[in-house]
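Colleague: what would the 3D arrangement of this be:
(2 chains)
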Amino acid sequence: ETGVTQSPTHLIKTRGQQVTLRCSSQSGHNTVSWYQQALGQGPQFIFQYYREEENGRGNFPPRFSGLQFPNYSSELNVNALELDDSALYLCASSLEDSYEQYFGPGTRLTVT
Amino acid sequence: AQSVTQLGSHVSVSEGALVLLRCNYSSSVPPYLFWYVQYPNQGLQLLLKYTSAATLVKGINGFEAEFKKSETSFHLTKPSAHMSDAAEYFCAVSESGAGSYQLTFGKGTKLSVIP
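Modeller: Numbers count the residues shown, from 1 in each chain, chains lettered A, B, ... in the order given. The predicted structure is shown next:
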């Protein structure tokens, strides 16, 4: 059974640029959630995707957007990067209607 | 709205001593509660979960937690700390809202184990 994988591992971007982060869900899981973990903080829910549609969103601006593909993999896109977007971005997969989420290793984004 | 408070951002224990990490939650509906562990530069690993069955929940690596509704608490314990337990621990609560089980996390407690 393949776990949740994320790419890239690390990324450095300049303020104002755009970034795309990728996530492959655990085998059989059809729901993907994204979280932002700033340094020294707990993860914060960004949004969740199910059946290729957004299925819940946290308190993040529209410049944070996502996609889910038919194979259940997902992308997180962030436009107009700000310094405060520097964080560890975690992807978690789950089955529909399941409270149990399995996390990937994360992508460390640094905005300079 | 749901929220989680973890008391103590940093806890130090001696190897072999009791580990107690505190978590209090607020939730408008019966919650699902979780403890996750995060090792440096890694993602989150589920330690244990409460889902309205037994109030005393046993997890991996010898950890357990007790759900106390009257105290709105879900404290994590381990009888004897091991060096490998040094990590950051996050308590989380989940409610079903509009079909999504989003997790709300506390700010975390960093556990140090002193040899």
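
Colleague: for chain B, what are the nearby residues on chain A?
Modeller: A:4, A:33, A:35, A:40-45, A:48, A:50, A:55-56, A:58, A:90, A:92, A:94, A:97-106, A:108 (C-beta under 8 Å from any C-beta of the partner chain). Every residue, glycine included, has its C-beta placed from N, CA and C.

Colleague: please repeat the previous calculation with a cut-off of 6 Å.
Modeller: A:41-43, A:45, A:48, A:55-56, A:90, A:99, A:103-106 (C-beta under 6 Å from any C-beta of the partner chain).

Colleague: with adjacent residues omitted, what lies nearest to residue A:95?
Modeller: Distances taken as C-beta to C-beta, 6 or more residues apart in numbering or on different chains put residue A:29 closest to residue A:95, at 5.8 Å, once the chain neighbours are dropped.

Colleague: need the contact list for the one you found.
Modeller: By C-beta atoms under 6 Å, 6 or more residues apart in numbering or on different chains, the residues touching residue A:29 are A:93-95.

Colleague: and residue B:61, backbone torsions?
Modeller: The phi/psi pair for residue B:61 (degrees, to the nearest 10) reads phi 60, psi 30.

Colleague: could you report the neighbour count for it?
Modeller: 12 (other C-beta atoms under 10 Å in any protein chain shown).

Colleague: same check on the one 10 residues further on?
Modeller: The burial count assigned to residue B:71 is 10, neighbours taken as other C-beta under 10 Å.

Colleague: ramachandran angles for the residue lying closest to it once chain neighbours are set aside?
Modeller: Distances taken as C-beta to C-beta, 6+ apart place residue B:24 nearest to residue B:71, at 7.5 Å, with adjacent residues excluded. When read as degrees, to the nearest 10, the backbone of residue B:24 gives phi -120, psi 150.

Colleague: in this structure residue B:24 contacts residue B:74, no?
Modeller: No - contact criterion C-beta atoms under 6 Å: residue B:24 and residue B:74 do not qualify, at 7.8 Å.

Colleague: ok, the two, which is more surrounded?
Modeller: Applying other C-beta under 10 Å to residue B:24 and residue B:74 shows that residue B:74 carries more neighbours, namely 27 against 17.
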